[in-house]
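[1] need a 3D model of the following:
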Amino acid sequence: QVQLVESGGGLVQAGGSLRVSCAASGRTFSIHAMGWFRQAPGKEREFVAFIRWSGSSTDYADSVKGRFTISRDNAKNTVYLQMDSLKPEDTAVYYCAATMQSWRTVVRTVSQYDYWGQGTQVTVSS
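    Modelled structure (predicted):
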């Protein structure tokens, strides 16, 4: 089992920055990759970014590429999502997720993740 706890959400003006964090505990040695997803009211949960637990491989949704940066600190078992140049359309609940499915090279869908955090609200005002 892996437990994930997000923190760092909040209210920010358009054009501003925010960093959310996700602390993992439990069987972290089995994690293959960590991802961030978001879900706005009335919409499906969508992929934002992922990072491999070892190595440097990352991937981003087109809507956040160049504005968001995912990183990790393995010593702290923590993954971060730095969000810059925020837009009102970035408003959503942000979830972190962990996948143990080590055979996958790309993990961009909800079904490819095994564990989820409780989510943290990010609100961008115009």
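[2] what about stretch 29-38, how long is it end to end?
    End-to-end distance of stretch 29-38 (Cα to Cα, to the nearest Å): 25 Å.
[3] same deal with stretch 56-67?
    18 Å.
[4] secondary structure class for the nearest residue to Gly8 once chain neighbours are set aside?
    What sits nearest to Gly8 in space, not counting adjacent residues and going by Cβ to Cβ, 6 or more residues apart in numbering, is Val20, at 4.1 Å. Yep, even glycine has a C-beta here, placed from its N, CA and C like the rest. Look at Val20: counting by DSSP: H, G, I helix; E, B strand; the rest coil, its state is strand.
[5] Val20 contacts Gly10, correct?
    No - Val20 is not in contact with Gly10 according to Cβ atoms under 8 Å; the separation is 9.0 Å.
[6] for the two, list the residues in contact with both.
    Shared contacts of Val20 and Gly10 (Cβ atoms under 8 Å, 6 or more residues apart in numbering): Val122.
[7] quick revisit: okay, the residue nearest to Gly8: pLDDT?
    Here, the pLDDT recorded for Val20 equals 98.
[8] which residues are in contact with the residue lying closest to Gly26 once chain neighbours are set aside?
    Nearest residue to Gly26 in three dimensions, chain neighbours excluded: Val2, at 4.5 Å (Cβ to Cβ, 6+ apart). The contact partners of Val2, taken as Cβ under 8 Å, 6+ apart, are Ala24, Ser25, Gly26, Arg27, Thr28, Ser30, Ile31, Ala98, Met100, Asp114, Tyr115.
[9] ends of stretch 8-17, what's the gap?
    11 Å.
[10] can we start the residue count at 45 from this point?
    Okay, residue one is now 45; in that scheme the one you just asked about reads as stretch 52-61.
[11] tell me which residues in that stretch are buried?
    Using 16 or more other Cβ atoms under 10 Å as the test for burial, stretch 52-61 gives Gly53, Val56.
[12] what residues does that stretch touch?
    62-65, 126-132, 138, 164-170.
[13] among these, which ones are in strands?
    Applying DSSP state E to the contacts of stretch 52-61, the entries found in strands are 62-65, 126-127, 138, 164-169.
[14] let me have those residues in a markdown table, extended by neighbour count.
    Converted to a markdown table, the ones in strands among the contacts of stretch 52-61 look like this (neighbours: other Cβ atoms under 10 Å):
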| residue | neighbour count |
| --- | --- |
| Leu62 | 20 |
| Arg63 | 14 |
| Val64 | 24 |
| Ser65 | 17 |
| Gln126 | 13 |
| Met127 | 25 |
| Tyr138 | 23 |
| Thr164 | 22 |
| Gln165 | 13 |
| Val166 | 21 |
| Thr167 | 15 |
| Val168 | 19 |
| Ser169 | 11 |
